[in-house]
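Asks: Below is the sequence, then the predicted model.
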Amino acid sequence: MKKIILTLAVGLAAASSGCSNLERSRDLANPNVPPAVTAVQVCSNCHGVDGNSVSPNFPRLAGQQPAYIIEQMQNFRSQHRSDPAGFEYMWGLSHHLTDDQIKGLADYFAKQVAQPNAPADVQQMAAGKEIFEKGLPAKEAPPCMACHGPKGEGLASFPRLANQHRDYLVKQLQVFQRTDERPNTPMTQIAHLLSHEEMESVASYLQAFPNDK
Amino acid sequence: MNKFTKTIQRSVLRKAALVFGLLGITAALFPVDSQALPLFARQTGQNCVACHAGGQFPELTPYGRSFKLTGYTIGDRVSVPLSVMGLATYTKVRDTSKSDNPAGDFSKNGTALASGGSLFLGGKITDNIGAFVQWTYDNFAVQNADGGYSGHSGTDNVDIRYADRFIDTNRDLIFGVSLNNNPSISDPWNTAAAWMQYVPVPSPTSSQFIDGAAPYPGFGSGGNLAGVNLYMYLNKLVYAELGTYQTANGIFSPMSAGLTDASRTKLKGVNNPYWRLALTHEWGPHNIMVGTSGMIAHLYDDNTNTSDPNSVYRVLNTGLDAQYQYILDPHTITAQVAYMRQRTNYSANTVAANVGAGSPSGFFAADGSTLLADPNDSDTTNTFRGKLTYVYQAKYGGSLAYFNLTGTTNTALQTSGYDATSTIVVDPAVSRVNANLSGNPATRGLTYEAFWMPVQYARVGVQYTAYSKFNGATDNYDGLGRNASDNNSLFFYVWGAY
């Protein structure tokens, strides 16, 4: 047993000499860790290695607009975005990331391919499609696709919504509607126009967004 | 409402008012802040809910399991890698009258207590090495001749590990090695023997009927050992672990520091293997694990004498466990089941001494003259525990647990019985409340818990454990009229960490 331990100790000491393993590091305070390494070693735990997160607690990042990811990461780092999903998970993780690392992470996830998400209720999807494409004229709510694109693919600071988790979308709409935890966005005003049922419908449509669209 | 219940209610309410007031002040002075958290939270900058399901320590989320399996290395190395944990408790046993020595058997019954605490050291050391080391102080560790208690501190849990991860879109392989002191402490699922217990639990001496008597699926070797375990987790599908344990002496003595030689578990040699295999799957907000584990341990009858090879007994544990989690804010639901079979083959010395011995305590059959059967050469126990937990908003929670221990009857377990005058007496070495007339270990019951986490590093909770069977019987388990339900216990706690 002692020989095993000593051999392991020597091996570990040798392996850890320098205390840094940049190719597989999970260190978030080392500016030399390549973003692609951080993406797979750390981010993937929640968002998936290809950005298609399994749990709806965590947003899908595959195919997300890089400008949007950069903006959100900077907001997490500066603690200007303070919704629960932000401060519970992302404030600490982003605290020491450099601008270059954030840009690298954005590029990594932007180039991932968004996979189809779980199907949704057909009736909800139909209602959601209406809101997405035509808005709610009676409430003067603009269609989502006006800013987020006809395929829900987003544009620059307007995030990709297609294939995003329904639960995540509804919760974020509620954050926009009920709080000031994500300031300086037109969604604050728009979300106030939506009922909970309308949020559920449009989020269902976006989660199960038709791939052939 | 009877007098007993009213007394409990008044006492608990008074203490609860004091505790809640203190917590309110604490919450006001230290608002929820991702920086103001214990060790690992300071390292990652994340809230407790990131790693602990519904914020309830110690149950891990899928991310928490990744954090552990990758060697506690995610995040930034912190300059002061320390945390502290403290516990205040109040316990009340349903019936303290059927005892020969109520003052001794229930000396802390109905009294609010500071119940010890722990110091944690560890976290990220290098990109591949991290640690979780717990040092615990029990202020009721030793009972003195005058009936008072002396505190004692010692090594509690130790898990120092090296881990690496090869991950890309085609494969995800985490592998590593853990140097630890307790079989299954290295396991990331909370149905593992070392983690299935309720946390917090009181000091065994402060409330023996909460954690001292309610059975858990555990390993017969116990803790304070030294083990090296190799593990791997492939594609979040298969987890496998293989290790072996030895006595924590020599260079491993820090892993049982604080223990006397007599209380330090002595294993024979290094061939005491431990194994673990689990299959896991995640879908949406759900995840499930089904697994098995086991260990073969060779232990000495007397921890102070390891020179006699005939004093070695063998314990074989084989377990099955499963855990389901649903985690989607604001709801956290966990269902856990664990089963452990334990086969103990007693030492050659014990077996030889059993022949013609009758009851080791000198008991007879009811006629006062017929000898009882010789003690068994081997015993088997089967322990099952199931637990269902719900937490809302990582603040309000409750759980229901069922436990059922069954096992072979053995006159060696019999600690009360008939003497030569056909009178039931209790072995003087055992207090009456722990006496066993049947020689059977069967114990069964339910634990109900409700808790509140006003801030993420504090928890206030109440547990009630109801026994439907104790020491082999529902009624009159000691032969002198004490029933299993007399041991029903209320446990109120305030737990905090920083």
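Replies: Okay, I see it.
Asks: make it CA atoms for all contacts and neighbour counts henceforth
Replies: Will do.
Asks: At the contact with chain A, which residues of the stretch 51-200 of chain B appear?
Replies: By Cα under 8 Å from any Cα of the partner chain, the part of the stretch 51-200 of chain B that sits against chain A consists of B:63, B:66, B:73-76, B:126-129, B:162, B:164-169.
Asks: Quick one: buried ones out of those residues?
Replies: The neighbour count (16 or more other Cα atoms under 10 Å in any protein chain shown) marks B:63, B:66, B:73-76, B:126-129, B:162, B:164-165, B:167 as buried among those.
Asks: Go through the residues of the stretch 51-200 of chain B next to chain A and flag which are in helices.
Replies: Among these, the members found in helices (DSSP state H) are B:63, B:66.
Asks: Which of the residues of the stretch 51-200 of chain B next to chain A fall in strands?
Replies: B:129, B:162, B:164-167 (DSSP state E).
Asks: how about CSV for those residues, with pLDDT added?
Replies: CSV is the format used below for those (pLDDT from 0 to 100):
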residue, pLDDT
B:129, 96
B:162, 98
B:164, 97
B:165, 97
B:166, 97
B:167, 97
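Asks: Nearest the middle, which residue of the chain would you pick?
Replies: All of this is about chain A. residue A:59 (4.0 Å; Cα atoms, centre = their mean).
Asks: actually chain B
Replies: Residue closest to the average C-alpha location in chain B (Cα atoms, centre = their mean): residue B:197, at 4.4 Å.
Asks: Name the nearest residue to it, ignoring sequence neighbours.
Replies: Leaving aside its sequence neighbours, residue B:197 sits nearest to residue B:216 (Cα to Cα, 6 or more residues apart in numbering or on different chains; 6.8 Å).
Asks: ok but the one you found is inside a helix, no?
Replies: No: with DSSP: H, G, I helix; E, B strand; the rest coil as the criterion, residue B:216 is located in coil rather than a helix.
Asks: any idea how far chain A is from it?
Replies: Residue B:216 sits 30 Å away from chain A, going by Cα to the nearest Cα, to the nearest Å.
Asks: Same question for residue B:188.
Replies: Distance of residue B:188 to chain A, computed by Cα to the nearest Cα: 15 Å.
Asks: Contact partners for that residue?
Replies: For residue B:188, the residues meeting the contact criterion (Cα atoms under 8 Å, 6 or more residues apart in numbering or on different chains) are B:60, B:65, B:68-69.
Asks: Over to residue B:386?
Replies: Going by Cα under 8 Å, 6+ apart, residue B:386 touches B:335-338, B:401-403.
Asks: switch to 7 Å and redo it
Replies: Counting by Cα atoms under 7 Å, 6 or more residues apart in numbering or on different chains, residue B:386 makes contact with B:336-338, B:401-403.
Asks: May I have the beta-bridge partners of it?
Replies: As for beta bridges, residue B:386 partners with residue B:337, residue B:402 under DSSP bridges.
Asks: Next one: the closest residue to chain B within chain A relative to residue A:59, how far apart?
Replies: Nearest residue of chain A to chain B: residue A:92, at 3.5 Å (Cα to the nearest Cα). Per Cα to Cα, to the nearest Å, residue A:92 is found 17 Å from residue A:59.
Asks: Residue B:339 too?
Replies: Residue B:339 is 37 Å from residue A:59, where distance means Cα to Cα.
Asks: And residue B:275, by the same measure?
Replies: 36 Å.
Asks: got it, and residue B:386?
Replies: From residue B:386 over to residue A:59 (counting by Cα to Cα), the distance is 33 Å.
Asks: now residue B:308
Replies: Counting by Cα to Cα - residue B:308 and residue A:59 are separated by 62 Å.
Asks: one step back: what residues does the residue nearest to residue B:197 make contact with?
Replies: With contacts defined as Cα under 7 Å, 6+ apart, the neighbours of residue B:216 are B:197, B:383, B:385.
Asks: What ranges does chain A have for its strands?
Replies: Counting by DSSP E, chain A contains no strands.
Asks: circling back: name the member of the contacts of residue B:386 that has the highest neighbour count.
Replies: In terms of neighbours by other Cα atoms under 10 Å in any protein chain shown, those top out with residue B:338 at 26 neighbours.
Asks: residues contacting it?
Replies: B:191, B:217, B:320-322, B:384-386.
Asks: Look up the closest residue to the residue of chain B found nearest chain A, ignoring the ones flanking it.
Replies: Across chain B, the shortest distance to chain A (Cα to the nearest Cα) belongs to residue B:45, at 3.5 Å. Sequence neighbours aside, residue A:92 is the residue nearest to residue B:45 in space, at 3.5 Å (criterion: Cα to Cα, 6+ apart).
Asks: do you know how far that neighbour is from residue A:85?
Replies: 12 Å.
Asks: neighbour count winner among the two?
Replies: Under the criterion of other Cα under 10 Å, the comparison of residue A:92 against residue A:85 puts residue A:92 first, with 26 against 19.
Asks: so where's chain A shaky on pLDDT?
Replies: The model of chain A has pLDDT under 70 over residues A:1-19, A:212-213.
Asks: whoops, I mixed them up, chain B
Replies: B:1-37, B:201-212.
Asks: One more pass at 80, please.
Replies: Along chain B, the parts satisfying pLDDT under 80 run over B:1-38, B:101, B:103-105, B:107, B:140-149, B:199-213.
Asks: Now do the contacts for residue B:252.
Replies: Going by Cα under 7 Å, 6+ apart, residue B:252 touches residue B:226.
Asks: Phi first, then psi, for it.
Replies: Per-residue torsions, residue B:252: phi -90, psi 0 (degrees, to the nearest 10).
Asks: domains of chain A?
Replies: A:29-110, A:122-207 (automatic domain parsing).
Asks: need the helices for chain B, in chain order.
Replies: Counting by DSSP H, the helices of chain B are B:3-29, B:39-44, B:48-51, B:62-69, B:102-105, B:348-354.
Asks: Chain A now?
Replies: So, for chain A - with DSSP H - the helices run A:2-16, A:35-38, A:44-47, A:66-77, A:84-85, A:91-94, A:99-110, A:122-134, A:145-148, A:166-178, A:187-191, A:196-207.
Asks: right, so the ones you listed: which one is the most enclosed?
Replies: Among those, helix A:91-94 has the highest mean neighbour count (mean count of other Cα atoms under 10 Å in any protein chain shown), at a mean of 25.
Asks: hmm, who's touching it?
Replies: Identification of contacts with helix A:91-94 by Cα under 7 Å, 6+ apart yields A:28, A:73, A:76-77, A:79, B:44-46, B:75.
Asks: can you put those in a markdown table and add distance to residue B:151?
Replies: As requested, the contacts of helix A:91-94 are exported to a markdown table (distance: Cα to Cα, whole Å):
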| residue | distance to residue B:151 |
| --- | --- |
| A:28 | 41 |
| A:73 | 49 |
| A:76 | 45 |
| A:77 | 45 |
| A:79 | 44 |
| B:44 | 34 |
| B:45 | 34 |
| B:46 | 34 |
| B:75 | 36 |
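Asks: At the contact with chain B, which residues of chain A appear?
Replies: Within chain A, the positions near chain B by Cα under 7 Å from any Cα of the partner chain are A:1, A:16, A:19-21, A:24-29, A:40, A:42, A:45-46, A:49-50, A:54-57, A:88-89, A:91-93.
Asks: Type out the ChimeraX command that picks the buried ones from the residues you listed.
Replies: Applying 16+ other Cα under 10 Å to those, the buried members can be selected in ChimeraX as follows:
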select /A:16,20,21,24,25,26,27,28,29,40,42,45,46,49,50,54,55,56,57,88,89,91,92,93
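Asks: burial count for residue 184?
Replies: Defaulting to chain A. Close neighbours of residue A:184, defined as other Cα under 10 Å, add up to 9.
Asks: Wait, chain B was what I had in mind.
Replies: For residue B:184, using other Cα under 10 Å, the count is 26.
Asks: what's the answer for residue A:149, then?
Replies: 19.
Asks: Give the full set of residues in contact with it.
Replies: Counted by Cα under 7 Å, 6+ apart, residue A:149 has contacts residue A:155.
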